[in-house]
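Participant: Got a sequence here, can you model it:
(chains A and B)
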Amino acid sequence: MTTYEPNMVIVGEKFDVVGTRPVRHDGVDKVTGRARYSADSFPNGLLIGKVLRSPHAHARILSIDCSKALALPGVKAVVTADDLPDVSAEIADLEEGAAVNYGFYSRNVLAREKVLYKGHAVAAIAALTSHEAEEALDLIEVKYDVLEPVLNIDEAIRDGAPVLHDRLLTQSSVLFRVGGWGDEPNIPSTNLAMKIVSTEGDVEKAFKDSDVVVERSFSTKAVHQGYIEPQATTAFWDENDRINVWCSTQQVFAFRDHVAAILDVPVGSVTVNPLEIGGGFGGKGQGGVYLEPVAAVLSKKSGHPVKITMTRSEVFKGTGPTAATKIDIKLSANKDGKLTAVKAKLMFDAGAFPGSPVAGGSRTMLGPYVIPNAVVEGWDVVTNVQKSSAYRAPGSPSAAFAMETVVDEIAKQLNIDPIEFRRINGAKEGTRQPANGPVYRKIGYMETLDAAKNHPHYSAPLNHKNQGRGIAAGAWFNFTGPATAIVSVNADGTVALVEGSPDIGGSRAAMAMQVADVLGLKSEDVQPSIASTDSIGYSSGAGGSSVTFKTGIASVEAAEDIKIQMKERAAKIWDVDVNDVEYDKSKIKHVSDPELKFEFRELAAKLNGTGGPIVGRATVNPGGVGNAFAIHIVDVEVDSETGKVEILRYTSIQDVGKAIHPSYVEGQLQGGAVQGIGWALNEEYFFNENGDMLNSSFLDYRMPVSLDLPMIDTVLVEVANPGHPFGVRGVGEACLIPPMAAIANAINDAIGIRMNELPMSPGKIVKSLREI
Amino acid sequence: MTTKTHVQTTINGEPVDFLCEPRQSLLECLRDVIGLTGTKEGCGDGNCGACTVNIDGRIVTSCLVLGVEAQGASIETIEGVADGTNLHPIQLAFLEGAALQCGICTPGFIIATKALLEKNPDPTEHEIRFWLANNLCRCTGYDKIVRAVQDAAKRMQEA
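Facilitator: Got it, this is the predicted structure:
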């Protein structure tokens, strides 16, 4: 029997460095204010850019006159969509199964024929100071033909609804497709950009034959990732047509590719220089290019480097939150607790351009379960709000809110403990994901359920009639992708690690620790850094909880490459057969002659004089991704007069494969839980009837503060992923999937009400209480 | 070009003069004029606490203070917290307690924590959460930050 204590790790395999908690390498810079983030770039001759944004949710642009703005002293350049090439609207496939349509992407960066949401970028100014640029914005004259907007899914799909795009066709590929242009004049355009259906078995028959059937409808609002660092970028387009960009991005190479495509310049002419990222959570990922092409063109026109920094209001109104959703679920089970069938329809609000995460949501919502009959339908709908963007486990938290509350309801009806119910129906190694999904490799869902059931939180007494406890599960695929790592040996026996995947929350330390473990060094003997796109091979970015897996494998293989070369060098120095040399921890030694041995640092000091420096490298695109499963337990107290929900206790339990640095893995789980608490209880985009977001400040878009919360307890369950040398599974996303449903289930336990809308704000709780 | 005002201050114990426009915030002056970029801008309207600095013993969000208001003031920013290369116990507690992930909010939290512990050397968890409620962190869920502040209090009492 495990004895639980706060923030414990149920340890799998033990290693020397991996699994310890050293001080992170970039930490000192971050506690002293020295770390340089996106807004901290001040090259000589810098101009400041500001963006003019649409005052209308839907309008045709008739004309843009910048002459008065340009005449203002201090103003050096303006840019509109006329300065960008009209790039093709063909869908380009990217790595990680992602696809991009640059016709849409370019139009989101700067509106071309139409503005499609309030806050859509229309033009930009570069001036000597930000205040002069701001003044000049007021002098740009834009003539609009204002159109009726569609502000939500219902409005967008009703008969006769205004259409956003003149020739959008409904895609039906099961792959994620981001909408397509139609050229056939007789097929009318639509706001339904994609409709995907996955089917397995016979759901209707199964519903008829089942003991319990529950059918419910849910809705969720757009919520923002809420990173504290606003988007900022500095670009310089020089006389040789080389474009340098300094920004904070989760996707250094994808940003380079997107900037090159949107500007229609060769990929090799663009260099993206990564700065520290002040939070991303998906919002600075594949869909996160907003300012870079704009700053680049302003630079080309002015001959100066140009920096644009968004205000917080611009971040809310001009960047992508996650999609609002409407989800219908019908789920059935028999008295033995076995789930028999599920039918789900997920409609996701993509915002102004196609590309909501509906595919991710519809696949992962069933991830924790074995269900023989399933029909899952996903809709991607365009509306006149901000183009939705990725937010941590894109699509899955909203879908799980719906699925996990219906599961809770069925378990209650059958009088089966909700953890036991999930055990009965739980995914295991070898089971196939519902609706013809893939077969699971080694996963740790059962171990996670056991850890939850055995946790003292689950059996602790509740003290008040308005208190309740809820649990919910979450499943996330986790991703991989191409990655590069280079390790150079220094003469003092330390090594430098260069990687191409950005670090959004401590991953540099996790890479360095893997290298240290392989080479028998200490964590602090490895100095990690993130390179520009010119300084390392292609590397996919920080998304899909992939970096510690894929770039970890690249780092391990680069370290293994060092070991091989160190053995070869020792063999050369000793004039022995390399097969008689072995690498043992930090020692290079002869298998039989005890006189022949080097400490790593001894040999490192001899390299330059014995044949030259040693550099290890690895380029990978690994398979073997390990899926992640989470169970959250939450206690709430509901104030029945005010409707306020207080979080009393919270425990996040997750199979993490192997926690390279447990503190930062715990941090991922804790932060994910708190983002989920905000999403559950009060965060939402609040629009008026004209499509204006009314709460575009941190005061009104109320994210959780320290006073709202208890300590967030974690249990890291280590069920090694055999696809990674240390057993790593991605951890950063599964932890945001269960909170909303867990809290909804806890509210139900407390006051007997099933909440089917997010956020579960005090007003809605009070309203629901009055209705019973 | 607006006429600039000459402002004389003390920043992190050193006399600092700068020129600023009447409309420039202290945050802009620190970052864009003086080059102290450790103080961060998260919102520009006083709601995130990333730009927290200490002026004459009071913590303020520097985005809501005009540069000209700093005339004669003594200002402490994150750059002045460490004693040369010796990190302050609060900085050590944040580092060793993994109380930061992306790190953008960290300077504001450290300045706010320092003011708390100077006023209340042994705060309860509730007092810590109350004091830091004006500082937003989106990465950590505040758990390790609260623990780091508790640890820093202990380190400072033992010092």
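Participant: Name the residues linked to B:Asn54 by a beta bridge.
Facilitator: Per DSSP bridges, the residues bridged to B:Asn54 are B:Ile59, B:Glu76.
Participant: How many residues are close by the residue nearest to A:Glu733 when sequence neighbours are not counted?
Facilitator: Counting by C-beta to C-beta, 6 or more residues apart in numbering or on different chains, A:Glu733 lies nearest to A:Ala393, which is 3.7 Å off, once chain neighbours are set aside. C-beta coordinates here come from the backbone N, C-alpha and C atoms, glycine included. Residues lying near A:Ala393 (other C-beta atoms under 10 Å in any protein chain shown) number 33.
Participant: Wait, a helix at A:Ala393?
Facilitator: No. Using DSSP: H, G, I helix; E, B strand; the rest coil, the secondary structure at A:Ala393 is coil, not a helix.
Participant: Touching, it and A:Ile737? I think so.
Facilitator: Yes. Between A:Ala393 and A:Ile737 there is a contact under C-beta atoms under 8 Å: 5.2 Å.
Participant: Tell me the residues that contact both of the two, please.
Facilitator: Listed as contacting both A:Ala393 and A:Ile737 by C-beta atoms under 8 Å, 6 or more residues apart in numbering or on different chains are A:364, A:474, A:476.
Participant: Near residue 7, how many other residues are there?
Facilitator: Picked chain A for this. 20.
Participant: To clarify, I was referring to chain B.
Facilitator: Taking other C-beta under 10 Å as the definition, B:Val7 ends up with a neighbour count of 22.
Participant: give the contact list for it.
Facilitator: B:17-20, B:29, B:67-68, B:70-71 are the contacts of B:Val7 under C-beta under 8 Å, 6+ apart.
Participant: Skip the chain neighbours and tell me the closest residue to the residue in the stretch 451-600 of chain A positioned nearest to chain B.
Facilitator: In the stretch 451-600 of chain A, the residue that lies nearest chain B is A:Gly505 (4.0 Å; C-beta to the nearest C-beta). In space, and not counting its chain neighbours, A:Gly505 is closest to B:Gln101: 4.0 Å by C-beta to C-beta, 6+ apart.
Participant: what about that neighbour, distance to A:Ile277?
Facilitator: The spacing between B:Gln101 and A:Ile277, counted by C-beta to C-beta, to the nearest Å, is 10 Å.
Participant: repeat for A:Ala39
Facilitator: From A:Ala39 to A:Ile277 the distance is 12 Å (C-beta to C-beta).
Participant: what touches both of the two?
Facilitator: Common neighbours of A:Ala39 and A:Ile277 (C-beta under 8 Å, 6+ apart) are A:Glu229.
Participant: Now do residue 11: how many residues are near it, please.
Facilitator: Picked chain A for this. For A:Val11, using other C-beta under 10 Å, the count is 13.
Participant: The intended chain is chain B.
Facilitator: 20.
Participant: residues in contact with it?
Facilitator: Contacts of B:Ile11 (C-beta under 8 Å, 6+ apart): B:30, B:34, B:36, B:74-77, B:80.
Participant: Just the buried residues of the residues you listed.
Facilitator: Buried subset of these (neighbour count, 16 or more other C-beta atoms under 10 Å in any protein chain shown): B:30, B:34, B:36, B:75-77, B:80.
Participant: ok now the host helix or strand of A:Glu447, how far from the chain's centre?
Facilitator: Here A:Glu447, judged by DSSP states H and E, is contained in helix A:445-454. The chain centre lies 26 Å from the centre of helix A:445-454; the measure is C-alpha atoms, centre = their mean, to the nearest Å.
Participant: what's in contact with it?
Facilitator: By C-beta under 8 Å, 6+ apart, helix A:445-454 touches A:1-2, A:4, A:10, A:368, A:419-420, A:422-423, A:426-428, A:458, A:471, A:473, A:475, A:629-631, A:633, A:651, A:653-655, A:715, A:717, A:719.
Participant: which of those residues count as buried?
Facilitator: A:10, A:368, A:419, A:422-423, A:426-427, A:458, A:471, A:473, A:475, A:629-631, A:633, A:651, A:653-655, A:715, A:717, A:719.
Participant: give me phi/psi at the nearest residue to A:Gly361 once chain neighbours are set aside?
Facilitator: Sequence neighbours aside, A:Gly395 is the residue nearest to A:Gly361 in space, at 2.9 Å (criterion: C-beta to C-beta, 6+ apart). Dihedral angles of A:Gly395 (phi, psi; degrees, to the nearest 10) stand at phi 90, psi -30.
Participant: where's the closest residue to chain B within the stretch 201-350 of chain A relative to B:Phe94, distance?
Facilitator: Nearest residue of the stretch 201-350 of chain A to chain B, counting by C-beta to the nearest C-beta: A:Gly278, 3.0 Å away. Distance of A:Gly278 to B:Phe94, computed by C-beta to C-beta: 16 Å.
Participant: Compare those two (neighbour count), which wins?
Facilitator: The neighbour comparison of A:Gly278 against B:Phe94 (other C-beta under 10 Å) goes to A:Gly278, with 30 against 27.
Participant: now stretch A:116-132: how far from the chain's centre is it?
Facilitator: The answer for stretch A:116-132 is 27 Å, by C-alpha atoms, centre = their mean.
Participant: Now that stretch: buried residues?
Facilitator: So stretch A:116-132, judged by 16+ other C-beta under 10 Å, has buried residues A:116-132.
Participant: Contacts only, for the closest residue to chain B within the stretch 351-500 of chain A.
Facilitator: Here the residue of the stretch 351-500 of chain A nearest chain B is A:Arg392; by C-beta to the nearest C-beta that distance is 10.6 Å. With contact taken as C-beta under 8 Å, 6+ apart, A:Arg392 is in contact with A:225, A:281-282, A:672, A:675, A:732-733, A:736.
Participant: Could you do A:Val375 as well?
Facilitator: Going by C-beta under 8 Å, 6+ apart, the list of residues near A:Val375 reads A:197-200, A:203, A:342-344, A:435.
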